[in-house]
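> okay, here's the prediction I keep looking at, along with the sequence it came from:
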Amino acid sequence: MIDYEALLARSTDVISVVDADGAIGYLSPSAERILGYEPEELCGGAFVSRVHPSDRDAVRRIFTTQESIGTERDPVEHRFRHADGSWVWLETRRAAEYDDDVEGYVTTSRDITRRKRTEREREQLLDRMGDGFLGIDDDWRVTYLNDEAERLLDTSAAALVGEDIRESLDWAESSVFHDQYREAMATQEPVSFESHVEPLDAVIEVRVFPSTTGLSVYFRDVTQARRIKRELERAVETLHGLYEIASATDMTLDEKQYRLLETGRRHLDLPYAFVTRMTDGKQVIVDAVGDHAALQPGSSCPIEESYCRKTVETDGLLAIQDAAEGSWHDDPAFERFELGSYIGGRIEVDGDLYGTLCFAATDPRARAFTDSERSFVELASRWLAYEFEEAQYQRRLERQNERLDNFASILSHDLRNPLNVVKGRLELVDSGDEHLDAAVTALDRAFDLIDDVLAFSRAGGDVLDPERIALPAVAERAWAIVDPTDATLDIAPDAGTVTADETRLQQLLENLFRNSVEHGSTDSRVESGDSVEHGSTENRRGSAGDSVEHTPGGVTVSIGRLDDAEGFFVADDGPGIPPDRRERVFELGHTDAEDGSGLGLAIVREIADAHGWAVHVTESEAGGARFDVDVDGAGVELPE
């Protein structure tokens, strides 16, 4: 036998019977456990009197109206004063039909205090979220939206909760939202997407999490983030283009300047781009792109009527979003050029003002110039200044080279010719006179000096068209020119090839060979204190590793490939060069020979510098001098 009283007492719901007048005639024993009152205390109208004032009308309707409200599907939530003074949240439902057996409507009230507390905590959490949140049930009605959602949607919870989202927010019915929401409900799988919402003029990023009773929709405005991302992508693309222009070796300065102007106006979305030169109180347009009649190459105006006058007065950058709305509307520059927007950077060459790099439009700009756009103009201005400095340096260098060529011409013709006349006349005089012999020797010395000066003048200057050259072949030609009578050349079989200017490479080897021969002779070695055995032929191994036969008293010169770097060496077995003198030997005019010019090794360094090589002096394996020419990957290759 079921004890219904005990069952009702243990029920998690409070069950009551309400008569047609809305008075409670019966209350289950569970009322004491759930609400803290004896059932009899709440019968009649006492129940409604303990309902929260804000909720009483809803409770009265459920008790008194004949309409179908407070059903199982649509209960009424309200607060009830517990006997201990606290508030209990109840969810009350009423049977749809009058029950004759109990003479009233059967109602149930369930304690949902814990659920409401959880919901409140969730809502507080949602309100603290940076994302907007919408709760949508399976009938597309909004059940909840947080503070951020109210802000983003420019609405309120009062206006939206309970409403069909498709009717309240027209854009929510658009295909992308409608299709994505339906897909989430159908598959019960989360979806995410982005869409531009026209009424909000915003790009919205949406994440949808479905359940059997509806959707949880999280969304945020990513318009600014996407704009910044696009700007960064454009900035990276533009900087890459700027790098390609700067690193192009096959473009003239004019071509680079034009490409820079085109790149800048695309990046800034401005139709006019131009470079100015400030000179003699005027602004002169050096180069320009765009169809503005007053901004064409060669056009000029007084500086006081130019925008650029204020550009050069700033720290280096002037940006104007809307000239008509600022102080520019009555400025002489605005009256002359009618530029509504402008950005320009200062160009300094060798520390002095040169002019400006500018971008402009007739119309005002819809938005202010961004930091990345300002940075581009500053960077482009500085790069253009560097290019101008390089061009000036090259022009100065060309003028210096021209003067040097003229000097070499004077040595080669104007000085050599009268010396030839003097030498010819001396040779007609009978020899034997020590004074005449000394004069002829001095003339020979003068011719040698002229040759050295000419070689030095032609050693410098960048190598523009190098080619692959077999090092052994050019070494043999250089040795034949030196033509020593008592020295031996030892060429390593793995000497390889060199990418170089052949004429200057041969000159470098000639000078190194001549230095070894002149300073590594028997007499030099004896004077340096080295022990030398005379009168016999001695087999010794050169620096390159091959066995060579020495002429008695002669020096062996070796050439081969460097082991630990790209390059080659020239070594000898002479007395060598003391460590404290090794760098000084390359100085112009440095020599320890009475008849030396001090140009031989200076020419070697000049030729090495022209190729971008480095040359150093060390000690050879045989104790003599060794010159290492490090080409740093510039072209020494192993033989195949």
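Now that the structure is in, tell me what you want to look at. Numbering: from 1, shown residues only.
> what number of residues lie near residue 318?
The tally of other residues near residue 318 (other C-beta atoms under 10 Å) stands at 21. Every C-beta, even on glycine, is put in place using the N, C-alpha and C of the backbone.
> and for residue 390?
12.
> residue 137 now?
Neighbours of residue 137 using other C-beta under 10 Å come to 15.
> surely it meets residue 212?
No - counting by C-beta atoms under 8 Å, residue 137 stays clear of residue 212, with 10.6 Å between them.
> so what sits against both of these two?
Counting by C-beta atoms under 8 Å, 6 or more residues apart in numbering, residue 137 and residue 212 have no contacts in common.
> contact partners for residue 294?
Residue 294 neighbours (C-beta under 8 Å, 6+ apart): 301, 336-337.
> for residue 184, that is, sorry about that
190-191, 208-210, 215.
> out of these, which are buried?
Listed as buried from the contacts of residue 184 are 191, 208, 210, 215; burial here means 16 or more other C-beta atoms under 10 Å.
> can you pull the contacts of the second one?
The contact partners of residue 208, taken as C-beta under 8 Å, 6+ apart, are 180-181, 184, 190-192, 215-218.
> one more pass at 10 Å, please.
For residue 208, the contact set (C-beta atoms under 10 Å, 6 or more residues apart in numbering) comprises 134, 136, 177, 180-181, 183-185, 189-193, 215-219.
> which of those residues are buried?
134, 136, 177, 180-181, 184-185, 191, 215-219.
> returning to what we had before: of the buried ones among the contacts of residue 184, which is the nearest to residue 505?
residue 191 (70.4 Å; C-beta to C-beta).
> you'd agree the closest one is up against residue 206?
Yes - with contact defined as C-beta atoms under 10 Å, residue 191 reaches residue 206; the gap is 8.2 Å.
> find the residues that touch each one of the two.
Residues touching both residue 191 and residue 206 (C-beta under 10 Å, 6+ apart): 180-181.
> which of the buried ones among the contacts of residue 184 fall in strands?
191, 208, 210, 215 (DSSP state E).
> bridging residues for the last one?
Right, the one you point to is residue 215. Following DSSP bridges, residue 215 is listed with bridge partners residue 136, residue 210.
> ok now do it, which residues does it touch?
Counted by C-beta under 10 Å, 6+ apart, residue 215 has contacts 134-138, 140, 143, 165, 180-181, 184-185, 190-191, 208-209.
> from those, pick the one nearest residue 266.
residue 180 (36.0 Å).
> pull the contacting residues for the closest residue to residue 268 other than its chain neighbours.
Sequence neighbours aside, residue 359 is the residue nearest to residue 268 in space, at 5.0 Å (criterion: C-beta to C-beta, 6 or more residues apart in numbering). Residue 359 is in contact with 261, 264-265, 267-274, 289-290, 319, 341-345, 369, 373, 376-377, 380, counting by C-beta under 10 Å, 6+ apart.
> same thing but at 6 Å, please
By C-beta atoms under 6 Å, 6 or more residues apart in numbering, the residues touching residue 359 are 264-265, 268, 270, 273, 343.
> now, which of these sits nearest residue 117?
When the contacts of residue 359 are ranked by distance to residue 117 (C-beta to C-beta), residue 268 comes first, at 56.7 Å.
> quick check: that closest one vs residue 238, distance?
9 Å (C-beta to C-beta, to the nearest Å).
> how about residue 565?
Applying C-beta to C-beta to residue 565 and residue 238 gives a distance of 39 Å.
> out of the two, which sits in the more crowded spot?
Neighbour totals were compared for residue 565 and residue 238, and residue 238 leads with 20 against 16 (other C-beta under 10 Å).
> quick check, the more buried one in a strand?
No - counting by DSSP: H, G, I helix; E, B strand; the rest coil, residue 238 is not part of a strand but helix.
> tell me the secondary structure of the spatially closest residue to it that is not a sequence neighbour, please.
Nearest-residue entry for residue 238: residue 267, 4.3 Å, with adjacent residues in sequence omitted and distances by C-beta to C-beta, 6+ apart. Counting by three-state DSSP, the backbone at residue 267 sits in helix.
> what about residue 267, how many residues nearby?
Residue 267 has 22 neighbours, counted by other C-beta under 10 Å.
> same question, the one 3 residues further on
The criterion is other C-beta under 10 Å. On that basis, residue 270 has 23 neighbouring residues.
> which stretches in the stretch 101-250 of the chain count as strands?
Taking DSSP state E, counting those that start in this stretch as the criterion, the stretch 101-250 of the chain carries its strands at 105-111, 132-137, 142-145, 191-197, 202-211, 214-221.
> for the stretch 301-450 of the chain, that is, sorry about that
Using DSSP E, counting those that start in this stretch, strands in the stretch 301-450 of the chain cover 317-320, 341-349, 352-361.
> format those as a markdown table; extra columns: distance to residue 480 and mean pLDDT.
Putting the strands of the stretch 301-450 of the chain into a markdown table (distance: least, C-beta to C-beta, whole Å; pLDDT from 0 to 100) gives the following:
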| stretch | distance to residue 480 | mean pLDDT |
| --- | --- | --- |
| strand 317-320 | 63 | 89 |
| strand 341-349 | 50 | 91 |
| strand 352-361 | 53 | 92 |
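> quick check: domain ranges of the protein?
For the chain, automatic domain parsing gives the domain ranges 4-111, 117-221, 234-395, 456-630.
> so can I have CSV of those domains showing distance to residue 424?
Formatted as CSV, the domains of the chain follow (distance: least, C-beta to C-beta, whole Å):
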stretch, distance to residue 424
domain 4-111, 128
domain 117-221, 93
domain 234-395, 43
domain 456-630, 22
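> residue 518 sits in which helix or strand?
Assigned by DSSP states H and E, residue 518 belongs to helix 502-519.
> for that helix, the averaged confidence score.
Helix 502-519 shows a mean pLDDT of 87.
> packing partners for that helix?
Secondary-structure packing of helix 502-519 (3 or more C-beta pairs under 6 Å, 6 or more residues apart in numbering; DSSP states H and E): helix 471-482, helix 600-611.
> winner for burial among those helices?
Comparing these by mean neighbour count (mean count of other C-beta atoms under 10 Å), helix 600-611 ranks first with a mean of 22.
> off-centre distance for that helix?
38 Å (C-alpha atoms, centre = their mean, to the nearest Å).
> so after it, what's the next helix or strand?
Under the assignment DSSP H and E, the closest C-terminal helix or strand after helix 600-611 is strand 614-619.
> list the buried residues in that next one.
For strand 614-619, a neighbour-count test (16+ other C-beta under 10 Å) marks 615, 617 as buried.
> give me the contact list for it.
Under the contact criterion C-beta under 6 Å, 6+ apart, strand 614-619 has outside partners 576-577, 582, 605, 608, 626-630.
> that strand pairs with which strands, and in what direction?
Strand 614-619 has the following sheet partners, assigned by DSSP bridges: strand 625-630 (antiparallel).
> and residue 217, how far is that from residue 180?
Distance from residue 217 to residue 180, by C-beta to C-beta: 10 Å.
> which residues does residue 107 contact?
Contacts for residue 107 (C-beta under 6 Å, 6+ apart) come out as 16, 18, 94.
> show me what the last one is bridged to.
Translated: residue 94. In beta-bridge terms (that is, DSSP bridges), residue 94 pairs with residue 107.
> and what of the first one?
Assessed by DSSP bridges, residue 16 has beta-bridge partners residue 27, residue 107.
> please renumber so the chain begins at 121
Sounds good: first residue 121 from here, last item residue 136.
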